[in-house]
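[1] build me a model:
(2 chains)
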Amino acid sequence: DTEVTQTPKHLVMGMTNKKSLKCEQHMGHRAMYWYKQKAKKPPELMFVYSYEKLSINESVPSRFSPECPNSSLLNLHLHALQPEDSALYLCASSQPTGSTGELFFGEGSRLTVL
Amino acid sequence: AQSVAQPEDQVNVAEGNPLTVKCTYSVSGNPYLFWYVQYPNRGLQFLLKYITGDNLVKGSYGFEAEFNKSQTSFHLKKPSALVSDSALYFCAVRDRRGRRALTFGSGTRLQVQP
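    Residues are numbered from 1 along each chain as shown, chains lettered A, B, ... in the order given. I've put the predicted structure just below:
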């Protein structure tokens, strides 16, 4: 069983909606990540937080807004999305980015934008 | 820039036979290399990693991988395949500077036939 919990598992939203994806880990990791994965494609990095500060933004459109309220939680706020944003959104955590540790992934939130 | 390549979209193997899933990498300096597995509609599960030391790395579920610096390869292997091994496998790299998160290969679908 994964120790990274993502909610909701499925989300359907219209292009004018505002919604949020949530991620929680209790492994004491200080780096957390958002990846986007389209069907049959590899995960693509979106954001990295290290010690609750945004350290990497891979030129993601502003309609995706990450937030790290504390060391255990990571949110992804969604607003005015496009149908092409439909994908599996994966959260992961690890020891800080300078370490050799592997990433631990959640089960993902499958987003459908109508 | 760091990258990994998985030259095979799909690998087919009979149950009980050995399997190999190929991965080659390109990174400045010595790499940190990882293998992950993804079952349908699930997150990614960590299998094993190479950081330093012995070139043969043993991981979860009987998988192992061989790091070959001269060939810049990190092939995933298992002596005897199971039907339950059928899944999508991703090779990933993180360079030693540690600043970047994992960069994934395109993925290889493993199909184990009974």
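
[2] correct me, but B:Y50 touches B:Y25?
    No: counting by Cβ atoms under 8 Å, B:Y50 does not reach B:Y25; the two are 10.1 Å apart. (Glycine included, C-beta is placed from N, CA and C.)

[3] shared neighbours of the two, anything?
    Residues touching both B:Y50 and B:Y25 (Cβ atoms under 8 Å, 6 or more residues apart in numbering or on different chains) are B:P31, B:L33, B:F74.

[4] okay, now the unreliable bits of chain B?
    Across chain B, the ranges flagged by pLDDT under 70 are B:95-100.

[5] up against chain A, what does it have?
    Counting by Cβ under 8 Å from any Cβ of the partner chain, the positions of chain B adjacent to chain A are B:32, B:34, B:36, B:41-46, B:49, B:51, B:88, B:90, B:98-107.

[6] quick one: buried ones out of those?
    Buried members of the residues of chain B next to chain A, scored by 16 or more other Cβ atoms under 10 Å in any protein chain shown, are B:32, B:34, B:36, B:42-46, B:49, B:51, B:88, B:90, B:100-105, B:107.

[7] among these, which are located in strands?
    B:Y32, B:F34, B:Y36, B:L44, B:Q45, B:F46, B:K49, B:L88, B:F90, B:T103, B:F104 (DSSP state E).

[8] leaving out sequence neighbours, find the closest residue to the fifth one.
    The spatially closest residue to B:Q45, leaving aside those adjacent along the chain, is B:V37, at 5.2 Å (Cβ to Cβ, 6 or more residues apart in numbering or on different chains).

[9] so what sits opposite that neighbour in the bridge?
    Beta bridges link B:V37 to B:Q45, B:Y89, judged by DSSP bridges.

[10] that one contacts B:L47, correct?
    Yes: counting by Cβ under 8 Å, B:V37 touches B:L47, with 5.7 Å between them.
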